[in-house]
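Asks: Sequence isn't available, so here's the structure alone:
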Ligand SMILES: N[C@@H](CCC[C@H](N)C(=O)O)C(=O)O
């Protein structure tokens, strides 16, 4: 048994265990270990786990796991949290370029708004329709559906039904239910890999902002406020016909606690 230092971060209530793995000691393929650490009763508890690793050319590499123990695709809230972690470790200053599952990301930590981080997401070229829902990939695959009375909506049951439907069962999909409010949207997400509703999903909030711009037929530079159970996010992007560029996910990322655990 060896003792390992872990860190806990959260972004709008989407919570993550983070390890500084620049020494390469964390076994990247240990699914059982990741699942156990993320377990809220037998472990530390989190929606996901991330490793910060060294990589050639860029500041660091983000390796992301869902709570089920498997390496996932891009995690937007995780991306903002690992940027905060990298700054806390002294690996970066207030701006960074880092590598993640979907490629290179640029991020900026706002000096005048402590804990507020702006993360550039991948460009998006395709929004597909599935009945009256929208399907797109913002680094992770997302299904976006407008509903009424979202507070009373059975997000877990309906999200799980769609995620395990014949269309999505194999690859999986994150399912976002959306309600328009004020000048933005209220969103609740069933996350693939967590297999539950989480308090926030960054790639999901991004997918909702883009899908709703598509739905409304708007073009140009846009800023969309998204409210989630764990806080508020802002999505900025440029829409030109079917193409979305300069896509930024903005929101909080905060250190919660650090500790030691043995395995
Ligand atoms: N919570 C994440 C989404 C993580 C990815 C997802 N669960 C998947 O693997 O599909 C976010 O903030 O984007």
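Replies: Good, I have the coordinates. All values derive from a computational prediction rather than experimental measurement. Residues are numbered from 1 along each chain as shown.
Asks: So which bits of this structure are right by the ligand?
Replies: 14, 66, 72-73, 75-78, 140, 174, 191-194, 201-203 (C-beta under 6 Å from any ligand atom). Backbone N, C-alpha and C define where each C-beta goes, glycine included.
Asks: Among these, which are located in strands?
Replies: Filtering the residues of the chain next to the ligand for membership in strands, criterion DSSP state E, returns 14, 66, 174, 191.
Asks: Make a markdown table out of those and add pLDDT.
Replies: A markdown table is the format used below for these (pLDDT from 0 to 100):
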| residue | pLDDT |
| --- | --- |
| 14 | 98 |
| 66 | 98 |
| 174 | 98 |
| 191 | 98 |
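Asks: Dump the residues you listed into JSON lines; add distance to residue 22 and neighbour count as well.
Replies: Below are these laid out as JSON lines (distance: C-beta to C-beta, whole Å; neighbours: other C-beta atoms under 10 Å):
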{"residue": "14", "distance to residue 22": "24", "neighbour count": "32"}
{"residue": "66", "distance to residue 22": "23", "neighbour count": "25"}
{"residue": "174", "distance to residue 22": "30", "neighbour count": "26"}
{"residue": "191", "distance to residue 22": "28", "neighbour count": "28"}
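Asks: Identify the spatial nearest neighbour of residue 86, chain neighbours not counted.
Replies: Nearest in space to residue 86, with sequence neighbours left out and distances taken as C-beta to C-beta, 6 or more residues apart in numbering, is residue 92 at 4.6 Å.
Asks: What count of nearby residues applies to residue 59?
Replies: The tally of other residues near residue 59 (other C-beta atoms under 10 Å) stands at 18.
Asks: cool, the one 5 residues further on as well?
Replies: The local packing count at residue 64 equals 22, with neighbours defined by other C-beta under 10 Å.
Asks: Residues touching the one helix or strand it maps to, excluding its own?
Replies: Per DSSP states H and E, residue 64 falls inside strand 61-66. With contact meaning C-beta atoms under 8 Å, 6 or more residues apart in numbering, strand 61-66 is reached by 21, 28, 34, 38, 47-55, 71-75, 78-79, 82, 98-101, 191-194.
Asks: returning to what we had before: give me the pLDDT value at the residue nearest to residue 86.
Replies: At residue 92, the model reports a pLDDT of 97.
Asks: so is it in a helix, a strand, or just coil?
Replies: Three-state call for residue 92 (DSSP: H, G, I helix; E, B strand; the rest coil): coil.
Asks: Nearest to residue 220 among the ones in strands among the residues of the chain next to the ligand?
Replies: Nearest to residue 220 among those, counting by C-beta to C-beta, is residue 174 at 27.1 Å.
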